[in-house]
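>>> Sequence and computational prediction follow.
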Amino acid sequence: MFFASFNMIIPELPEFITKLGGADYKGLIISLFTLTAMLSRPFSGKLADRLGRKPVIIFGGIVCLISSLFYPALTTLYGFFILRLCHGFSTGFSPTGISTYVSDIIPPNRRGEAMGLIGTAGALGMACGPAIGGLVANRLSLNWMFYLSSFFALVSVMLVLSIRETLVERQSISWALFKIQKRDLFEPRVMVPCLVMVLAAFAYGAVYTLMPDFGKHLGIQNKGLLFAFLTVASLLVRLVAGKVSDRYGRVPVLKISVTLITISMLIIGLADKNWMLMAGVSLYGLAQGSASPTMLAWATDLSHEVHRGRGIASLYISMEMGIGLGAFFTGVVYANSHENFILCFGLCALLSMAALIILFIRKSD
């Protein structure tokens, strides 16, 4: 419900910002949202470890609820930018709290399976949300879409209210909890998973930035078709990959997943026909769908029980950093020239290969 809430409005926001006079600033729709999501991770990780998992999840849901309600009231471009920054706090908090909560209630030998299930739920929300939002926007109005987004966030909050808190030693809320020190920024125990995540997530940023133009270049008119292939492939493998990592280990599964990311980037970069591009995107969906929950489970394994929220937040920061860098640098290299697609995805393949080397020189956990 949470992931469907904020993803529901994304496809319609370019039209919305255009009506506000910001047609030249569409790139800020995602980047502003991602910026505050990344900056808020150290806070959400610390609060999850000190205040509790539930408050962190609920805060993210409430931010999502209020933000969606305010979009219809916007009349200025600057107001839109401020609201996107505020809305980003929702994903900086709720996913951190959810992942930490799940790691508390699931035995370690089934942690990969659980993270795969959470990832599947998130992917379903990301897939269904835009479809529902687009339908409501077309049949009713953009305002009704925003109200429905807010309602979905409300339901997610109500569901969390019904579960018990898992953090045993909780602190009372105080200003000291909001003071971030150097040790709160990163969990050293998860250094290797974070490094692998940054290098592998670079490809994610590239795919989501360049796929619409690449598909159009090869004659695929429906831009959503490629993302549908990616999402379906990712959904198919998440639960299986999680269970396999529980049985055979995180690193062996990641070696295979990151190898497939490297191969998929080469296929996409060399694609000169529709079927080849779709095959590459589908393979990437399988690879990304297996790598994501496995890295999350691995980071949870390595984190100290007292600082589990900080460990998970560190991994999410690395993910957002990798996606942001991938989107930015491949956008610069692409420079609206189709001949540069091979350079962009070749760079992704090289960085994925670097992640693979790290996995091979690092012994399994």
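All right, it came through fine.
>>> Tell me the buried residues in stretch 355-365?
By neighbour count with 16 or more other CB atoms under 10 Å, stretch 355-365 contains the buried residues 355-356, 358-359. Using the backbone N, CA and C atoms, a C-beta is placed for each residue, glycine as well.
>>> contacting residues around it?
Stretch 355-365 is contacted by residues 192, 195-196, 199-200, 249-252, 254-255, 258-259, 262, 298, 301-302 when judged by CB atoms under 8 Å, 6 or more residues apart in numbering.
>>> again, but for stretch 241-256
Residues contacting stretch 241-256 (CB under 8 Å, 6+ apart): 109-117, 119, 196, 257, 289-291, 293-295, 297-298, 301, 356, 359-360, 362-365.
>>> on that earlier part again, give the buried subset of the contacts of stretch 355-365 as a ChimeraX selection command.
What follows is the ChimeraX syntax for the buried subset of the contacts of stretch 355-365, where burial is set by 16+ other CB under 10 Å:
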select :192,195,196,199,200,249,250,251,254,255,258,259,262,298,301,302
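>>> Show me the contacts of stretch 355-365 that map onto strands.
Using DSSP state E, no member of the contacts of stretch 355-365 sits in strands.
>>> Among the contacts of stretch 355-365, name the ones in helices.
Among these, DSSP state H puts 192, 195-196, 199-200, 250-252, 254-255, 258-259, 262, 298, 301-302 in helices.
>>> just the strands in the chain please.
Counting by DSSP E, the chain contains no strands.
>>> How is it partitioned into domains?
With domains defined by automatic domain parsing, the chain comprises 1-161, 185-365.
>>> And the first one, how far out from the chain middle?
Taking the mean C-alpha point of domain 1-161 and that of its whole chain, the gap between them comes to 11 Å (CA atoms, centre = their mean, to the nearest Å).
>>> Can you give me the neighbour number for Asn143?
13 (other CB atoms under 10 Å).
>>> oh, I was asking about Leu266
16.
>>> Quick check: it vs Gly280, distance?
Leu266 sits 8 Å away from Gly280, going by CB to CB, to the nearest Å.
>>> Same check on Gly52?
Distance from Gly52 to Gly280, by CB to CB: 43 Å.
>>> Those two - which one has more neighbours?
For Gly52 versus Gly280, the count of surrounding residues by other CB under 10 Å is larger for Gly280: 25 against 22.
>>> can you pull the contacts of the more buried one?
Gly280 neighbours (CB under 8 Å, 6+ apart): 264-265, 267-268, 271.
>>> so, if you compare the residues you listed, which one comes nearest to Gly326?
Taking CB to CB as the measure, Gly326 lies nearest Met265 of the contacts of Gly280, at 10.7 Å.
>>> Do I have it right that that closest one meets Leu343?
No: the pair Met265 / Leu343 is not scored as a contact, 11.5 Å apart, by CB atoms under 8 Å.
>>> what about the two, which has more around it?
Higher neighbour count among Met265 and Leu343: Met265, with 28 against 15, using other CB under 10 Å.
>>> The more buried one: what's it in contact with?
Met265 sits in contact with 203, 206, 280, 284, 345-346, 348-349, 352, where contact means CB under 8 Å, 6+ apart.
>>> From these, pick the one nearest Ser68.
Within the contacts of Met265, proximity to Ser68 (CB to CB) peaks at Ala206, which comes in at 29.1 Å.
>>> Just confirm that closest one contacts Ala327, I think it does.
Yes: counting by CB under 8 Å, Ala206 does reach Ala327; the two are 7.0 Å apart.
>>> And the two? Which one has more around it.
Ala206 (30 against 22).
>>> ranges for the helices of the stretch 151-300 of the chain?
191-217, 223-248, 250-270, 274-302 (DSSP state H, counting those that start in this stretch).
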